[in-house]
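Participant: mind folding the following:
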Amino acid sequence: MRKAISAGMTALAVIAAPSITHAQGQFREAVSERVTAADLNALTDARVAIVKSALQLTPDQEKYWPAIEDAIRSRAKIGKPDWKV
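Facilitator: Purely as a prediction, here's the structure:
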């Protein structure tokens, strides 16, 4: 019984895998048509604001914030996804 279940699951995986990867490719194509550089910049702005708000910086810590914000924005530029893979 175990062998039959194992064989059935293997067959299902072999049959379903190509359709799943095809669906992922279609999703990436659809996303690339909708996501713009302005959208990614707005997302980065929102993330920066969330981090700053969550940290609740003291006035002494506030003077270090520009360097942190620059680092976040630099990382966002490097890490932008390539939707057309």
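
Participant: near Asn41, how many other residues are there?
Facilitator: Using other C-beta atoms under 10 Å, Asn41 has 14 other residues around it. (Each C-beta comes from the backbone N, C-alpha and C, glycine too.)

Participant: again, but for the one 10 residues further on
Facilitator: One way to gauge burial is a neighbour count; for Val51, by other C-beta under 10 Å, it gives 13.

Participant: that one reaches Ile72, doesn't it?
Facilitator: Yes: if you go by C-beta atoms under 8 Å, Val51 and Ile72 touch, sitting 6.7 Å apart.

Participant: show the residue spans covered by the helices in the chain.
Facilitator: Using DSSP state H, the helices of the chain run over residues 2-34, 37-55, 59-62, 65-78.

Participant: got the contact list for the residue lying closest to Ala76 once chain neighbours are set aside?
Facilitator: When the adjacent residues along the chain are set aside, Ala76 lies closest to Thr44, with 4.3 Å between them (C-beta to C-beta, 6 or more residues apart in numbering). Contact analysis of Thr44 by C-beta atoms under 8 Å, 6 or more residues apart in numbering lists 72-73, 76.
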